[in-house]
Every structure is written in C-alpha cells, then in structure tokens.
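1. pasted the sequence and its predicted model underneath.
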Amino acid sequence: MTQQHETPHDLQLEAEVLGFLLSGKDPLAVLGDLSPSDSCFHSALHRQVFRIAKEHLERGPRVNLIDISRRLGTDQEFLQRGGKRFLEELRGIQKGSHHAQDAAQALHDMARRRELIEACTLAAGEAKDVSTELDSVESSLHAALRNMADSVGQSSPETAPEMTDSFLEYIEAISAGEGPTLKTGFLDLDHYSGGLGPGEVIILGGCTGTGKTALALNIGSNATANQKTVGVFSMEMPREQLLGRVFAAQADIDAQSFKTGTFTDAEVQRIHLYADKFRTQPFLISDQFNLRPSTLAAKCRQWRLQYGLDLIIIDYLQLLSPDKAHNSRDREVAEMSRAIKRLAVELQIPILVLAQLSRKIDQRKDKTPLLSDLRESGAIEQDADQVIFLTPWRQDPGAQNAIVKCTLAKGRGNRLGSFELLYVKRHVRFENYAGAYDG
C-alpha cells in the first residue's frame, strides 16, 4: 500500500489484476469498462507484463506465459524476480472476477490521482516562474483537468459492430432533428452549411459595415431562444452597446435610440417586456479588451463548468492579442487561429469567429469576397471548417432595408454557394429573405 506523501499506488492490487489477466478465460471481457490501461500500473515491470498480456488477449481468450517470459527475458528486474516463476506466482494469486473488478477500479482511481498530482505539480512549477504568463498557467491546468474529466468512463467504439451501432444511433438522432449541430435560425444558411457542428470553427468574414456583428448576435439570440448557452467575446464594443443591438433586434427598437436615449412609450414597454425574457436566457458576454487566446480558453472552460456552453462567438479575430509576440503579424494570427481550433475540438462546440477582409476588395470590380481576402489570412483559411462571407451592399443610405449576399465559400462536406438575407438596418436584424429554402 502507498505510504503517506508517496505517489498513490498498490503493488499488491496490481499483481492481483495481472494474475486475473494471466489465468482467466477472456478476462478483458469480464472486466469490461474496468479493463486496465498502461497508466493503471505504477510498477514498470507490471506495466510490461500487462502490455504483452493485452496483445495476447486481443488475439485470443488466453495468455501465453512462455511468450511473455521470452519477450521479457533480458529485463533485469524480471530476471531478479525469478523470470517465468514470477509469472506463475502472479497467476497463482488471482482471487476471482469480483475481486478483480474491485481491484481494477482501485487501480483506475489511483492512476487518476497520479495524473492529478502530475498536473498540479507542473502548474505549481509554472506558477513559481514569474516569467510565465499567468493566463497560460491557468489555461494549461484547466486543459489538463478537462482532459481528465473527459476521459472518465469514455471509450470510443473501434470495432465495426460498435461503430455501426453508434453511427445508426447518430443517423436516427439527426433524422429526428436532434443531431449535435446547432441551427442558426436562417433557413438558407442552415441549408447550405448544415448548421454549426461540434468542434468546428466557422469564419464569418466581411468588410467594415457589412453586418458581421449583427448577424453573429442574431445567430446567438436564435440559439439562446432554444435554451442553447452562447458565450460572446467582444473586443470591439462594450457590453452595453452589444446589449443595445440585441434588444434593438429582438424587441423592434430603433437602434439609434440606444445612442440618443430617446425612446417612445411603446419602445420602453417593449424593452421591459424583452428584458423579462432575456434575463432567463443563457447569454454570456465578455467585453475584455486585449484578450489573449489563453485567457479566452480559460474563460470558456470556466463558463462551461458553471453554465454549460453550446456556441462561442468571437468579435473579432484580428483584435485578439497574441500569447507570444512575433515579428510577423501573419504568424501571430496563425497561432491564434490554431489555438481557437484546438479549443473548439477540446470543448466539442462550434466557435463562430468574425474576421475583417482586406481593403483590396474595394479595388476590384467584382466585390464578391474570396478566401484570399481574409486579412492576414494564411492559417485562418486553413483552420476554418466553414467560411461565410457577407458581400458589401451599396444602397441608398435612406433605405430602410438592404439585400445582403451571403456566400458559403468553404465547407467540409457542405454545399457551396450564395443566397440572400434581408437586413433590417433600423433594428440591426437579419431575416430570411423571400424564397428562402423551407426544407
């Protein structure tokens, strides 16, 4: 047994689990989800015996002691413990399937404790180094703890029968409209994109004034109306200005009124009515400036633990500050882009990232954006799973509404093409345009 202040382990329990594996018939099937892994064994020799035994059991129901002895024949500890006699002694100490299951569970628990100690020890060392960014220390620790939590009781199906069953369940779910993708609430956008998938990074690009923030907030509001938790990171607008846009769009308020402070009695009434509704919705906003990817990741993990998280919106990519400064801005943006993709995969939720387009588009006759128009693009284009562009609209400034061309320029396995959205400028709100896909 482990003594106080030692790394948690129990060599006797390790030996008993190995004894069950060496003597039982199809022991991995008996242990099921409690089947051990390499990390369960603190002893290096026990770990080697387990690896070879597992190879045997993956090919058949029993272990070949002669082969294990042969393959460990040059190991000094194996020879000191008696060689083949050591294996036979292990096989002789097994105490039945129920005890083996309890022992395997204990080994899993101690392995997790060792992982926790290692993660905290590493974080403590980084925290003592004042040259290491504090956000980076917190982010690394959160990631390690998150990986530990995600690994508990989870195993991905690997065999054809398991994968087939899992895939058929997935097909049934999406056929019933219960799949993992998040719908935007815009018929044509959902038709082309298939929705926003878990682990995806979706770039929403456009020049200044094309409505990127408005569309992103509209998508977020549509999601929260369906009780999906949305987290918005704005480095361009303060929280009050963002909320003004949300209320203008959802409560039919003239957006200019939030700047002038002049509201009609009817508008005041609608604001209070929507406020009662909004306070019940899972909508989170951070308006921290000079946000770094590590800080963003730490905040997302915190939100997920506290509230759950179904969608992240970042407004906008080029305003992020790098965790590490480089001489090349393209390299900084590339590292930030990859950090966002890693975060999406880790949390298994979509991240909608707004991005500015190069002003070179204004010099072209055809104003339709291209992937190469993404400012400081390179890795942005490569890391994104979907890229959606809003085409600059040119219309009489006095017009109440505008028709905005929306283009899905990149989508892995999605339809590519363009469609139109109606932009109600007074309420900074996008709507489905006449003739939108209705399924």
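-> Looks like it came in fine.
2. can you give me the strands for the chain?
-> In the chain, the strands defined using DSSP state E lie at 201-206, 230-234, 283-286, 311-315, 351-356, 386-390, 401-411, 417-424, 429-432.
3. helices or strands up against the third one?
-> Put plainly, it is strand 283-286. Packed against strand 283-286 by the contact rule (3 or more CB pairs under 8 Å, 6 or more residues apart in numbering; DSSP states H and E) you find helix 212-225, strand 230-234, helix 239-251, helix 293-307. Just so you know, the C-beta spots here come from the backbone N, C-alpha and C atoms, and that holds for glycine as well.
4. same question for the first one.
-> Packing partners of strand 201-206 (3+ CB pairs under 8 Å, 6+ apart): helix 212-225, helix 329-347, strand 351-356, helix 379-383, strand 386-390.
5. mind redoing it with 6 Å?
-> Packing partners of strand 201-206 (3 or more CB pairs under 6 Å, 6 or more residues apart in numbering; DSSP states H and E): helix 329-347, strand 351-356, strand 386-390.
6. alpha carbons only: can I get that strand in CSV?
-> The C-alpha trace of strand 201-206 is given here as CSV (Å, rounded to 0.1, in the frame of the first residue of the first chain):
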residue,chain,number,x,y,z
VAL,A,201,-14.5,26.9,-36.4
ILE,A,202,-16.8,29.0,-38.6
ILE,A,203,-15.3,32.2,-40.0
LEU,A,204,-17.8,35.0,-40.7
GLY,A,205,-15.9,37.5,-42.9
GLY,A,206,-16.8,40.8,-44.3
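7. next one: the nearest residue in space to Gln382 that is not next to it in sequence from Gly205, what distance?
-> Nearest in space to Gln382, with sequence neighbours left out and distances taken as CB to CB, 6 or more residues apart in numbering, is Ser337 at 8.0 Å. The gap separating Ser337 from Gly205 is 13 Å, by CB to CB, to the nearest Å.
8. higher neighbour count, the two?
-> Ranked by neighbour count (other CB atoms under 10 Å), Ser337 and Gly205 place Gly205 first, with 30 against 27.
9. is it true that the more buried one touches Thr391?
-> No - between Gly205 and Thr391 there is no contact under CB atoms under 6 Å: 10.3 Å.
10. rewinding a little: do I have it right that the residue nearest to Gln382 meets Asp383?
-> Yes - with contact defined as CB under 6 Å, Ser337 reaches Asp383; the gap is 4.7 Å.
11. could you list the low-pLDDT ranges of the stretch 1-150 of the chain?
-> 1-5, 33, 146-150 (pLDDT under 70).
12. what segments of it are helices?
-> 11-23, 27-31, 44-59, 65-71, 76-80, 84-92, 97-128, 134-151 (DSSP state H, counting those that start in this stretch).
13. comparing those helices, which comes out most buried?
-> Mean neighbours per residue, mean count of other CB atoms under 10 Å, is largest over these for helix 11-23, with a mean of 22.
14. any idea how far that helix is from the chain center?
-> 38 Å (CA atoms, centre = their mean, to the nearest Å).
15. can you start the count at 290 instead of 1 from here on
-> OK, 290 is where the count begins now, so the last one is helix 300-312.
16. now that helix against helix 373-381, angle please.
-> Here helix 300-312 points in a direction 90 degrees away from that of helix 373-381 (axes from the mean of the first three to the mean of the last three CA atoms, to 10 degrees).
17. Leu711 touches Tyr722, doesn't it?
-> Yes - under the criterion of CB under 6 Å, Leu711 makes contact with Tyr722 at 4.6 Å.
18. which ones are touching Arg380?
-> Counting by CB atoms under 6 Å, 6 or more residues apart in numbering, Arg380 touches Gly308, Leu311, Ser312.
19. wait, which of those is closest to Ala668?
-> Leu311 (50.3 Å; CB to CB).
20. any idea how far Gly362 is from that closest one?
-> Distance, Leu311 to Gly362, by CB to CB: 17 Å.
21. repeat that for Gln570.
-> Counting by CB to CB, the gap from Gln570 to Gly362 is 66 Å.
22. out of the two, which sits in the more crowded spot?
-> More crowded of Gln570 and Gly362, by other CB under 10 Å: Gln570, with 18 against 11.
23. check what pLDDT the more buried one gets.
-> Gln570 carries a pLDDT value of 90.
24. could you double-check that it lies in contact with Ala512?
-> No - shown here, Gln570 and Ala512 do not form a contact pair, counting by CB under 6 Å, at 9.4 Å.
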